[in-house]
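A.B. asks: this one's structure only:
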């Protein structure tokens, strides 16, 4: 009979988790700043292939040490941490091996958007923080040159971005470069008031930042633009070759990305079929509700009405923002009846910044900063308000803020006793699956104003189901950009400008779009199983609290957590 395994010292796992997080922050100091870890504010990531290989070696060594621990000898909480840490390391390695940085040109999160965003979020409330920002901006030209070198490496082996993405980024850079440098967003901190700073410190900061922007940042973006225009664009992929199947090693990369984003071992064909079934199911719901609202069972006619009736769209930017604010506050008031634990961190509504609004999504959420300098923020896109549907506004707010992203992410950050990585990371399927789950939960909570808003909810659900079909269609089945757009036009009520941006997002961010519907399906399945198993002992607030108790975790670990909660409730009811 074998001897029982010796329990591991919990401090060993804690040390590995801390080592992983510290290595991640050092590898990507911009991520550290965005999270509120201000230790690396003067640094830029090293874009060189040597730095990437060093990080891969670090992760592989850490992977072996974490795997050497026997998860069966750990306590319940540490078993979750052990599984989560293995998952994060595996995902990091998968992303490094895909080498997306060697060809991706991104209109939504590329340097022309990232650095203006950073200028707003990297606060300079002290002279030390000001010096750090100047030092970082002085390195920005080298960062851009490193990105160019990576694109050239990709080009040499046949990897190149899509024409649409490259053209958009060139247009963004053209708009930037015709603007006087003094008006650039990255120069804004030099124009901000710093009333508590000594005059010499303030003058040094302002002069240093202006010099860095004029002499380093502007020339760096100009060089970046010239390479995109002269070298990348002529060899970029056309609209009928936008998927990873047209990139060397693309098929293997896509399979890795499925696991990274969904935490599931599913093949692309199975996901495609799930998506088609979900689309058909939701289309039936939309047809029924559309007939009630518009007196026609022709879904295409309902979609035309939703897309063309000006009364169903906003008129001004202020209206878009006000509706988002109203929906958020109404949701906050209803929360105590459906959740036992609520975050202390507030959620704010803010407009998407002008430098990104043309090419980004309709909204997004930015998590709070761990140093307390910034709460959770629901960014709503108010660009071209007459193209923004009123019937989508409520479901969008519930997904991005409360009870969606803000509740899950802020609670994770506030959970005591978790290692740092568990407070901030986790599979996309959990994070986005939860937010999609809450769109229908909001209907249970009585938050939708009427059937038109519920039709917006169904359209959003169809949108996420369509992603399973479209993402796999693009990256495995060879779908063209127009084929993907056509499918979403036929199966959702989204506005065409939104669909254009969304399809471009799936092209440039392979696999991420799969996470929403697959995560939602698993949460709904677990809830149904728990309700059946517990009967009158089932508590919806209790279920929500258990789902959110551990930060973002893989769907397999989530299943184990919910099953454990069901067993606990059963035992308590005896």
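C.D. replies: Received the coordinates, thanks. As the structure is a prediction and not an experimental result, all values here were calculated from the model. Numbers count the residues shown, from 1 in each chain.

A.B. asks: Do a quick rundown of the strands in the stretch 401-550 of the chain.
C.D. replies: Counting by DSSP state E, counting those that start in this stretch, one finds no strands in the stretch 401-550 of the chain.

A.B. asks: so where's it shaky on pLDDT?
C.D. replies: For the stretch 401-550 of the chain, no stretch has pLDDT under 70.

A.B. asks: Next, please give the residue ranges for the helices of it.
C.D. replies: For the stretch 401-550 of the chain, the helices defined by DSSP state H, counting those that start in this stretch cover 405-414, 420-424, 428-444, 451-475, 481-491, 496-508, 515-534, 540-547.

A.B. asks: and the second one, what other elements does it pack with?
C.D. replies: Counting contacts by 3 or more CB pairs under 8 Å, 6 or more residues apart in numbering; DSSP states H and E, the secondary-structure elements packed against helix 420-424 are helix 10-27, helix 76-98, helix 405-414. Every residue, glycine included, has its C-beta placed from N, CA and C.

A.B. asks: okay if I get those helices as TSV plus mean neighbour count?
C.D. replies: Below are the helices and strands packed on helix 420-424 laid out as TSV (neighbours: other CB atoms under 10 Å):
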stretch	mean neighbour count
helix 10-27	17
helix 76-98	19
helix 405-414	23
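
A.B. asks: As TSV, the ones you listed with distance to residue 150 would be great.
C.D. replies: TSV is the format used below for those (distance: least, CB to CB, whole Å):
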stretch	distance to residue 150
helix 10-27	15
helix 76-98	13
helix 405-414	30
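
A.B. asks: and residue 260, which of those helices is closest to it?
C.D. replies: Of all the helices and strands packed on helix 420-424, helix 76-98 sits nearest to residue 260, with 4.5 Å by CB to CB.

A.B. asks: Rounded mean pLDDT for the closest one, please.
C.D. replies: Mean pLDDT, helix 76-98: 96.

A.B. asks: Helix 10-27 and that one, what's the angle between them?
C.D. replies: 30 degrees (axes from the mean of the first three to the mean of the last three CA atoms, to 10 degrees).

A.B. asks: quick one, helix 76-98 and helix 428-444 angle?
C.D. replies: Using the same axes, to 10 degrees: helix 76-98 against helix 428-444 is 120 degrees.

A.B. asks: packing partners for helix 76-98?
C.D. replies: helix 10-27, helix 49-67, helix 250-262, helix 420-424, helix 555-573.

A.B. asks: if we go to 6 Å?
C.D. replies: helix 10-27, helix 49-67, helix 250-262 (3 or more CB pairs under 6 Å, 6 or more residues apart in numbering; DSSP states H and E).

A.B. asks: Turn those into JSON lines, including mean pLDDT and distance to residue 351.
C.D. replies: Shown next, in JSON lines, are those (pLDDT from 0 to 100; distance: least, CB to CB, whole Å):
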{"stretch": "helix 10-27", "mean pLDDT": "95", "distance to residue 351": "30"}
{"stretch": "helix 49-67", "mean pLDDT": "97", "distance to residue 351": "36"}
{"stretch": "helix 250-262", "mean pLDDT": "97", "distance to residue 351": "28"}
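
A.B. asks: Would you check that residue 470 makes contact with residue 484?
C.D. replies: Yes: taking contacts as CB atoms under 6 Å, residue 470 lies within contact range of residue 484: 4.6 Å.

A.B. asks: Comparing those two, which residue is more hemmed in?
C.D. replies: residue 470 (30 against 26; other CB atoms under 10 Å).

A.B. asks: check contacts around that one.
C.D. replies: Counting by CB atoms under 6 Å, 6 or more residues apart in numbering, residue 470 touches 484, 487.

A.B. asks: Residue 158 falls within a helix, correct?
C.D. replies: No: per DSSP: H, G, I helix; E, B strand; the rest coil, residue 158 lies outside any helix segment and is coil.

A.B. asks: out of everything not next to it in sequence, what's closest to it?
C.D. replies: residue 248 (5.1 Å; CB to CB, 6 or more residues apart in numbering).

A.B. asks: Could you check how far the one you found is from residue 194?
C.D. replies: Using CB to CB, to the nearest Å, residue 248 is found at 50 Å from residue 194.

A.B. asks: just residue 425 next, same as before
C.D. replies: 34 Å.

A.B. asks: List of residues touching stretch 364-382?
C.D. replies: With CB under 6 Å, 6+ apart, stretch 364-382 has contacts from 35-36, 123, 317, 320-321, 324, 345-352, 357, 362-363, 400-401, 405-406, 409-410.

A.B. asks: Filter those residues down to the buried ones and hand me the ChimeraX line.
C.D. replies: Buried subset of the contacts of stretch 364-382, written as a ChimeraX selection, criterion 16 or more other CB atoms under 10 Å:
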select :35,36,123,317,320,321,324,345,347,348,349,351,352,357,362,363,400,401,405,406,409,410
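
A.B. asks: Among the contacts of stretch 364-382, which ones are in helices?
C.D. replies: By the criterion of DSSP state H, membership of the contacts of stretch 364-382 in helices covers 35, 317, 320-321, 324, 400, 405-406, 409-410.

A.B. asks: Spatially, what comes nearest to residue 504 if we skip its sequence neighbours?
C.D. replies: Nearest to residue 504 is residue 164, by CB to CB, 6+ apart, at 6.1 Å.

A.B. asks: same thing with residue 534?
C.D. replies: Using CB to CB, 6+ apart, the closest residue to residue 534 is residue 569 (5.4 Å).

A.B. asks: How about residue 88?
C.D. replies: Residue 88 sits nearest to residue 425 (CB to CB, 6+ apart), 5.6 Å away.

A.B. asks: Next: residue 182.
C.D. replies: residue 210 (7.5 Å).

A.B. asks: surely the one you found meets residue 189?
C.D. replies: No: Residue 210 is not in contact with residue 189 according to CB under 6 Å; the separation is 10.2 Å.
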